[in-house]
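In: 3D model of this:
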Amino acid sequence: MKHNNRSGLWPILLLLVLLPSLLVASFRKEDIKVHQLDNGLKILLLEDHTIPNVALYTFFRVGSRNERPGLTGVSHFIEHMMFNGTEKFGPGEFDRLMEFKGGSNNAYTSDDMTVYTDWFPAAALEAMLEMEADRMQGLTFDPKVFESERGVVASERRLSVENDNDAILYENVRATAIMAHPYHWDVIGWMSDILNWRREEVIQYYRTYYAPNNAILVVVGDFEPERALELIKKYYSPIKPGPPPPPVSTVEPPQMGLKRVEIRKEAQAPSFIMAFHAPRRQEADFCGLSIIEQALLQGESSRLYRRLVREEKLAIEVGGGLNETIDPFLFLIMVKPRPGADLVRLEKIIDEELAKIKTAGIEAKEFDKALNTVRSSFYRRLQNISGKANLLGWAEVILGSYEKLFSIIDEYAAVKREELPALAAKYFHDNNKTVGILVPEGGER
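Out: Below is the predicted model of the structure:
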């Protein structure tokens, strides 16, 4: 007799339908406890007793956006130095002690922020707060370690940018499209700056930007809020605030015509990037453009993947999209062409697909799929304590308040499909466009 398992699928299907609601129910704005110390440190606490662990995330409002010529890449460099010792904990001690306590850590630097991430058993909370508070105020910048880490970052740039054809093209397109704003350079910085940072200037930068008045401490997990706050005050209250960080006041002027970048370099295959100036994350147009991005670029069912990879066989990969930044950045269309591909034809196809969206928008099924992808991606990031900690701090820095995190899905739901053609026409035009190609040495476009 054939066994029918269909009835057993209903609980699973029901769970999949209810999962977003369950996640939202366990992540409510009113459950977040907010405090601020006299030295300016903002604290977000969220209890989550799902597992006996804690995620401790420290967000500093500093990234490549806050740098200047001569000091480009220094935010990323200080990220490295944060693991290289204080007077209290020597080089390597942070990692060694954390691992001894059963935890792990990481860090990342972006255009707008630097984030230090710790995950550990709940019993290690005090030890981790002590170490994080210590390196907020006590980096030694030992001269020998300073020079050693300078070499590490220079090698990283050689490997990840100068010896990576896609990366070197991206750097050139970015620097051509963005002339005035500090987004002109990438997080890694320029090699000439890396080789010439002066220790005294780096220390001053650290004291300005890596101070409690420029930081958000996010704690999510298995702890008692009163005890956690008591420990935070014990270790962070003695830290003096730094000088107020200077504001980023430069505004990128409107682009006045099509720009082109062509690089001739030894390569197995060409590279291609098209960039359009795009709004910052907080602008109303961002969500609509994000939906267009999904239909145009994301996944094997996207329009450009179908045209360039499946049908025309001009490319092996398509990607790009928007960056969620404090100031206006770029909408990127990044294509990995096949060796010998006709780049003129490739560019023409992209222009054709953009023209279709400007004329007719996207189909209802594309629109619904894009919204579903946005929702599922958002809820997926809330499935663990680390995701919650990261989103809370991200919203505080990029959106201006963690509270705005709870209206993101509503913002996307408010986008109307019939408005997308006009939105595409507003941004996808030649006066707003920069095209970059990397052609193998001796090759043809």
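In: Okay, strands next: where are they in the stretch 251-400 of the chain?
Out: For the stretch 251-400 of the chain, the strands identified by DSSP state E, counting those that start in this stretch occupy 259-265, 271-278, 315-322, 329-337, in order along the chain.
In: Out of those, which gets nearest to residue 391?
Out: strand 315-322 (17.2 Å; CB to CB). Using the backbone N, CA and C atoms, a C-beta is placed for each residue, glycine as well.
In: List the buried residues in that closest one.
Out: 315, 318, 320, 321, 322 (16 or more other CB atoms under 10 Å).
In: how close does residue 276 get to residue 349?
Out: Taking CB to CB, to the nearest Å as the criterion, residue 276 is separated from residue 349 by 16 Å.
In: and what of residue 340?
Out: Going from residue 340 to residue 349 by CB to CB gives 16 Å.
In: Comparing those two, which shows the higher neighbour count?
Out: Taking residue 340 and residue 349 together and counting by other CB atoms under 10 Å, residue 349 has the greater number of neighbours (19 against 12).
In: Please name the nearest non-neighbouring residue to the more buried one.
Out: With CB to CB, 6 or more residues apart in numbering as the criterion, residue 349 has its nearest non-adjacent residue at 5.3 Å, and that residue is residue 307.
In: was I right about that neighbour contacting residue 353?
Out: Yes: when contacts are counted by CB atoms under 8 Å, residue 307 is listed as touching residue 353 (6.2 Å).
In: List the contacts of residue 245.
Out: With contact set as CB atoms under 8 Å, 6 or more residues apart in numbering, residue 245 has these partners: 61, 62, 66, 208, 209, 214.
In: Can you report how many residues lie near the fourth one?
Out: Residue crowding around residue 208 was assessed by other CB under 10 Å; the count is 17.
In: Other residues contacting the host helix or strand of it?
Out: Assignment of secondary structure by DSSP states H and E places residue 208 within helix 199-209. For helix 199-209, the external contacting residues (CB under 8 Å, 6+ apart) are 60-62, 66, 70-71, 74-75, 77-78, 81, 139, 141, 143, 146, 214, 242-243, 245.
In: Can you check what pLDDT the model gives residue 91?
Out: Reported pLDDT at residue 91 in the predicted model: 84.
In: same deal with the one 5 residues further on?
Out: We note a pLDDT of 90 for residue 96 in this prediction.
In: Counting neighbours, which bits of the host helix or strand of it end up buried?
Out: Following DSSP H and E, one finds residue 96 within helix 93-100. By 16+ other CB under 10 Å, the buried positions in helix 93-100 come out as 93, 94, 97, 98.
In: From the contact counts, what lies against it?
Out: Packing contacts for helix 93-100, counted by 3 or more CB pairs under 8 Å, 6 or more residues apart in numbering; DSSP states H and E, involve strand 104-109, helix 125-137.
In: What pairs with the shortest one, parallel or antiparallel?
Out: If I follow you right, that is strand 104-109. Take DSSP bridges as the rule and strand 104-109 pairs in its sheet with strand 114-121 (antiparallel).
In: send the alpha carbons of the partner strand over as PDB?
Out: Taking C-alpha atoms only, strand 114-121 is exported to PDB below (Å, rounded to 0.1, in the frame of the first residue of the first chain):
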ATOM      1  CA  THR A 114      33.700  50.100  11.400                       C
ATOM      2  CA  VAL A 115      32.200  47.200  13.400                       C
ATOM      3  CA  TYR A 116      33.800  44.800  16.000                       C
ATOM      4  CA  THR A 117      31.900  41.600  16.500                       C
ATOM      5  CA  ASP A 118      32.100  39.200  19.400                       C
ATOM      6  CA  TRP A 119      30.100  36.000  20.000                       C
ATOM      7  CA  PHE A 120      30.600  34.000  23.300                       C
ATOM      8  CA  PRO A 121      29.000  32.000  26.100                       C
END
